[in-house]
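**Q** return atomic coordinates for the entry below.
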Amino acid sequence: MYKLVAFVFIGAITMAVLVGMNPPNLNSSAANETATVETAKAEPAETKSETLAGNGFASATLVRAEDGHFYASAMVNGAPVRFMVDTGATSVALTKADAQTIGLQFNDAEFTGTGEGAGGSLKIKPITIDRIAVGAVEATSVSGVIGDDSLRQSLLGQSFLSRVGTVKIEGDRMELR
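**A** Numbers count the residues shown, from 1 in each chain. Predicted coordinates for the structure are as follows:
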C-alpha cells in the first residue's frame, strides 16, 4: 500500500514520502509529456520536456542534490520558483520574495496564522495558488502559505504532492507522476 521513506530534513526534521497516492489532477494537454528536472549543489534545477506517445501520464523526475534534498524548478502562476521538496510539509510554502515574484500582493499585517517549520514557529498568510507546474506535472487551485522572513526556502509540500498520482523515490531519483 504505502511505503515510508524517511530522511533528515535540515538536520532537524524527519520527512516521510508516501508512494501510491490518489490519481493525478493533470491538465489534459500535458497528459503525454514527461519532464526531467536535474539539480546541482546550489544551482536552480533545469526542466526538460519531451512527448512520450501513448503512455497517458505526465511525469517529472527530480535528481537528489549533493546536500541530500530534492529540488524542483516549477512554474507558479507563470513565473519560475525554485522549491525544496518537503514531503513532511502540509502545504506549499512560499518565501516573501517568491510570493512577490509570482505577483502576490501582501503586507506584514496579513501574517495572522502560525505554522511550524524546521526553525520553529513562523507567521504565515494562507493563499490559494492558481497553478503550479513541475515540468508536465501540474495542479490548479493549490492551497499554500506565504511564510514570514524566517522562511528562507520555498517548500513544495503535500497540498501539491498529494495531487500527483504517485510520488516515488528510488535511489537518487524522485518521480512525480
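
**Q** state the next helix or strand along the chain beyond the longest strand along the chain.
**A** When every strand of the chain is counted residue by residue (DSSP state E), the longest turns out to be strand 120-134. In the C-terminal direction, the helix or strand that comes right after strand 120-134 (DSSP states H and E) is strand 137-147.

**Q** note down every partner strand of that following strand and its orientation.
**A** Using DSSP bridges, strand 137-147 pairs in its sheet with strand 92-94 (parallel), strand 120-134 (antiparallel).

**Q** could you export those as JSON lines, including distance to Gly147 and mean neighbour count?
**A** To be clear about C-beta, it is placed using only N, CA and C from the backbone, and glycine gets the same treatment. Shown next, in JSON lines, are the strands paired with strand 137-147 (distance: least, C-beta to C-beta, whole Å; neighbours: other C-beta atoms under 10 Å):
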{"stretch": "strand 92-94", "distance to Gly147": "5", "mean neighbour count": "27"}
{"stretch": "strand 120-134", "distance to Gly147": "5", "mean neighbour count": "18"}
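
**Q** any idea which helix or strand comes after the top helix by length along the chain?
**A** As assigned by DSSP state H, the longest helix anywhere in the chain is helix 96-101. Sequence-wise, the next helix or strand downstream of helix 96-101 (DSSP H and E) is strand 113-117.

**Q** tell me what that next one is packed against?
**A** When contacts are defined as 3 or more C-beta pairs under 8 Å, 6 or more residues apart in numbering; DSSP states H and E, strand 113-117 packs onto strand 120-134, strand 137-147.

**Q** let's see it at 7 Å
**A** When contacts are defined as 3 or more C-beta pairs under 7 Å, 6 or more residues apart in numbering; DSSP states H and E, strand 113-117 packs onto strand 120-134.

**Q** send the alpha carbons of the strand it packs on over as CSV?
**A** In CSV, the C-alpha atoms belonging to strand 120-134 read as follows (Å, rounded to 0.1, in the frame of the first residue of the first chain):
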residue,chain,number,x,y,z
GLY,A,120,10.4,26.6,15.0
SER,A,121,7.1,28.6,14.6
LEU,A,122,6.6,31.2,11.9
LYS,A,123,3.9,33.6,11.0
ILE,A,124,2.0,32.7,7.8
LYS,A,125,-0.5,34.1,5.4
PRO,A,126,-2.8,31.5,3.8
ILE,A,127,-3.2,31.7,0.0
THR,A,128,-4.5,29.8,-3.0
ILE,A,129,-2.1,29.4,-5.9
ASP,A,130,-3.8,29.3,-9.3
ARG,A,131,-1.3,26.9,-10.9
ILE,A,132,1.9,25.0,-10.1
ALA,A,133,3.7,23.0,-12.8
VAL,A,134,6.8,20.9,-12.3
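
**Q** show me the shaky parts of this protein.
**A** 1-56 (pLDDT under 70).
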